[in-house]
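Engineer: Return atomic coordinates for the entry below.
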Amino acid sequence: MFPLPNGLGITPANDIPSPRVLLKPVSHNILEKEQDFIETSVQHHKGIVKVNKRITAEDWYQDVRHIEIGFEDDVQSVFFGDTINEISFHTNCRYDPGDVAVIRPCAAANDVNTLLDTMDWNDIADDAFKIERNVSGRLT
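Structural biologist: Got it, this is the predicted structure:
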């Protein structure tokens, strides 16, 4: 084993590391001015999972799935030179090799209310806050 560099010591096991993000309270007025990137982007589309079927054997260690997503608005990839732009059309959704789907789940109101009740968060559920990256205390 190598000795620790000068100035560094062993951190006690009961020390709590600094958080990676901080929750900062903000006023509702500030939030009303902010735009949701997902809601305003033409490259993001709302959809519903229609099929989520495992296609590997149950006794296999990998979980590979066939997933089909139905979109509220149909999307087709359109090529302009070397770039791909997403434009809404009334055609079927088209994917190209290498495309990636980023999925943001949406929770049902009943599920959210159950969580708020269970965690006793009803009195703070409507408090506004901003998530900020915390860089203090991190090694560079």
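Engineer: Low-confidence ranges, the chain, go.
Structural biologist: For the chain, residues meeting the criterion pLDDT under 70 lie at 1, 37-38, 41-43, 72-95, 137-140.
Engineer: could you pull out the strands for it?
Structural biologist: 21-25, 47-54, 65-71, 75-80, 83-88, 129-133 (DSSP state E).
Engineer: got the contact list for P19?
Structural biologist: Residues in contact with P19 (C-beta atoms under 8 Å, 6 or more residues apart in numbering) are N134. No exception for glycine: its C-beta is placed from N, CA and C like everyone else's.
Engineer: And it, how close does it get to S136?
Structural biologist: From P19 across to S136, the span is 10 Å (C-beta to C-beta, to the nearest Å).
Engineer: try D36
Structural biologist: D36 is 28 Å from S136, where distance means C-beta to C-beta.
Engineer: pull the longest helix from this structure.
Structural biologist: helix 109-119 (DSSP state H).
Engineer: which other residues reach that helix?
Structural biologist: W121, N122, A125.
Engineer: Report the buried residues of it.
Structural biologist: For helix 109-119, a neighbour-count test (16 or more other C-beta atoms under 10 Å) marks nothing as buried.
Engineer: Next one: the residue nearest the centre of the chain from V112, what distance?
Structural biologist: In the chain, the centroid-proximal residue (C-alpha atoms, centre = their mean) is R104; its distance is 5.3 Å. The spacing between R104 and V112, counted by C-beta to C-beta, is 15 Å.
Engineer: same thing with Y61?
Structural biologist: Applying C-beta to C-beta to Y61 and V112 gives a distance of 34 Å.
Engineer: and what of N14?
Structural biologist: 35 Å.
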